[in-house]
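K.L.:
From the sequence below, what's the structure:
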Amino acid sequence: MNYIGVDCHISSLDFAVVNEKGTVSQRAKVNTGVKEFMEFVKSIPKPRKIFIEEGELAGWLLETSLKFREKLVITDPKTNKWIGKAGSNGSTFQF
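P.N.:
All right, here's what the predicted structure looks like:
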């Protein structure tokens, strides 16, 4: 399983891909857009699952993921231990 974490911004999407061993295997930054989002997601081998933090773009990403039959999980940063550990130290992801 490949776990795709996405940090969503109005103008960019930051990705970190974590494998089953918990190792970050890939990082990327793309412009925020359906084409760019799906091109990156489709470049990651199946099985894969996308994780995002609840926020303003969550609805759009959920709709896009469903349209392209991708699995998306929306997390609450208050209950997600990885996001909670990241704090405000400037790190996008800490797995």
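K.L.:
in the protein, what spans have low per-residue confidence?
P.N.:
Within the chain, the segments meeting pLDDT under 70 span 80-95.
K.L.:
Now do the strands in it.
P.N.:
2-8, 12-18, 24-31, 48-53, 72-75 (DSSP state E).
K.L.:
Among the ones you listed, which comes closest to residue 64?
P.N.:
The closest of the strands of the chain to residue 64 is strand 72-75. By Cβ to Cβ, the value is 8.5 Å. Using the backbone N, CA and C atoms, a C-beta is placed for each residue, glycine as well.
K.L.:
Pull up the pairing partners for the closest one, direction included.
P.N.:
Taking DSSP bridges as the criterion, strand 72-75 forms sheet pairs with strand 48-53 (parallel).
K.L.:
buried ones in the strand it pairs with?
P.N.:
Buried positions in strand 48-53, judged by neighbour count with 16 or more other Cβ atoms under 10 Å: 48, 50-53.
K.L.:
any idea which of these is closest to residue 26?
P.N.:
If you rank the buried residues of strand 48-53 by distance to residue 26 using Cβ to Cβ, residue 48 comes first, at 11.4 Å.
K.L.:
Can you tell me how far the closest one is from residue 20?
P.N.:
Counting by Cβ to Cβ, to the nearest Å, the gap from residue 48 to residue 20 is 11 Å.
K.L.:
got it, and residue 26?
P.N.:
Taking Cβ to Cβ, one finds residue 26 at 14 Å from residue 20.
K.L.:
of the two, who's got more company?
P.N.:
Relative neighbour count places residue 26 above the other of residue 26 and residue 20, with 14 against 9, counting by other Cβ atoms under 10 Å.
K.L.:
ok, now which ones touch the more buried one?
P.N.:
For residue 26, the contacting residues are 15-17, 44, by Cβ atoms under 8 Å, 6 or more residues apart in numbering.
K.L.:
let's go with 10 Å and repeat that
P.N.:
2, 4, 15-19, 40, 43-44 (Cβ atoms under 10 Å, 6 or more residues apart in numbering).
K.L.:
which residue sits closest to residue 62, ignoring its sequence neighbours?
P.N.:
Sequence neighbours aside, residue 72 is the residue nearest to residue 62 in space, at 5.6 Å (criterion: Cβ to Cβ, 6 or more residues apart in numbering).
K.L.:
Perfect, I'm done here.
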